[in-house]
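Colleague: what follows is a predicted protein model with its sequence.
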Amino acid sequence: MAETEPTRAGFVALIGEPNAGKSTLLNRMVGAKVSIVTHKVQTTRARIRGVCMAGQSQIVFVDTPGIFRPRRRLDRSMVKAAWGGAADADIVVLLIEAHRGLTEGTQAIIDRLRDEMPRGKPVALAINKIDRVKAEVLLALAQKMNEAFPFAKTFMISAERGHGVEDLKDWLAGELPESPWYYPEDQLADLPMRMIAAEMTREKLTLRLHEELPYQLTVETEKWEERADGSARIDQVVYVAREGHKGIVLGKGGETIKAIGAAARAEISEFLGRPAHLFLTVKVRPNWLDEAERYTEMGLDFKDGDG
């Protein structure tokens with residue numbers, strides 16, 4: 001790499017319908033798990049950013065919550081966060097699923113892109129999960145999408161398998177403005193570690209309990225203590241909306257919460273690169289979905305939910 005080559009840096013917003021693969025793509029590009037990935041829809045709540053180096057360019061990803069039709073206050077805050085992230089970014093990437101095509105939800109996003117995006121802001125299209133459809137279907141979809149919106153470039157990718165991801169990354173790196181880097185090269189995400197650890201535990205809860213408690217729970221890291229031996233003691237609280245939910249989370253003889261705690265601890269330790277001691281408590285908070293404090297913990301603005 002020639003020393004004279006200028007450094008570039010900027011923000012890239014990944015937008016799309018729920019489950020389009022935004023978090024999988026982010027994790028693939030950044031190379032570490034910074035955004036919760038589950039098969040549940042609407043699992044990303046915080047404005048998680050992953051930092052990715054490509055040559056002399058630093059790409060800072062704003063992994064926005066899924067854009068969808070909001071129903072509850074929490075949903076409204078998530079949608080507001082998604083559009084806020086997209087408007088502030090240097091480049092926007094719209095991610096769609098190859099096998100679902102131009103859905104009603106994607107059409108609504110395109111309509112809003114046309115209204116909300118400043119003129120001249122590059123918007124790229126990434127068609128994900130390309131291994132699920134035939135080539136001719138893919139080409140027809142790419143044409144249809146580009147007729148619906150003037151995308152700067154179209155990419156065919158599989159975020160899960162890594163196909164086409166490097167091409168997208170290289171293009172983003174070249175499109176970013178010349179600028180000093182925003183973050184030290186070894187800094188993966190600017191979300192506080194406490195929040196990432198809480199997300200990891202929430203992912204394990206969601207995976208374990210999927211059908212039973214979709215969004216009626218949240219996890220917060222109450223205390224983080226660095227120990228002399230280099231390990232971390234982490235105390236987290238799982239908030240549920242009903243007493244009945246507490247029993248589900250705990251499981252018979254506390255088996256469920258123990259298994260979730262062990263899985264979360266292993267992942268947090270791996271992420272930190274050192275041992276972590278995780279202690280989980282389950283508390284009932286009937287109105288947590290309406291408490292401003294909970295939203296601040298998730299990186300969302302409570303006022304955004306005033307619909």
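Modeller: Yep, it's here. Numbers count the residues shown, from 1 in each chain.
Colleague: could I get the full set of helices for this structure?
Modeller: Ranges of helices in the chain, per DSSP state H, are 22-30, 73-88, 104-116, 135-148, 165-175, 193-209, 243-250, 255-272, 292-297.
Colleague: what's stretch 217-233 in contact with?
Modeller: 193-195, 197-199, 201-202, 205, 234-241, 245, 249, 272, 274-277, 279, 288, 294, 297-298 (C-beta atoms under 8 Å, 6 or more residues apart in numbering). The way it works is simple: take the backbone N, C-alpha and C, and place the C-beta from them, glycine included.
Colleague: buried subset of those residues?
Modeller: In those, burial by neighbour count holds for 194-195, 197-199, 201-202, 205, 234, 236-241, 245, 249, 272, 276, 288, 294, 297-298, counting by 16 or more other C-beta atoms under 10 Å.
Colleague: quick one, what contacts V238?
Modeller: Per C-beta under 8 Å, 6+ apart, neighbours of V238: T201, L205, L217, T218, V219, V249, I257, L280, T281, V282, K283.
Colleague: so how do I select the buried members of these in PyMOL?
Modeller: Remark: buried members of the contacts of V238, expressed as a PyMOL selection using 16+ other C-beta under 10 Å:
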select buried, resi 201+205+217+218+219+249+257+280+282
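Colleague: could you list the domains of this protein?
Modeller: Following automatic domain parsing, the chain resolves into domains at 8-175, 193-305.
Colleague: let me have those domains in JSON lines, extended by mean pLDDT and distance to Y182.
Modeller: Below are those laid out as JSON lines (pLDDT from 0 to 100; distance: least, C-beta to C-beta, whole Å):
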{"stretch": "domain 8-175", "mean pLDDT": "81", "distance to Y182": "5"}
{"stretch": "domain 193-305", "mean pLDDT": "82", "distance to Y182": "17"}
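Colleague: nearest to W181, out of those?
Modeller: In terms of C-beta to C-beta, the element of the domains of the chain nearest to W181 is domain 8-175, at 4.4 Å.
Colleague: can you get me the start-to-end distance on that closest one?
Modeller: With C-alpha to C-alpha, to the nearest Å as the measure, domain 8-175 spans 9 Å from end to end.
Colleague: likewise for stretch 12-28?
Modeller: Stretch 12-28 has an end-to-end distance of 15 Å (criterion: C-alpha to C-alpha).
Colleague: do stretch 247-262 as well
Modeller: Stretch 247-262: ends 18 Å apart by C-alpha to C-alpha.
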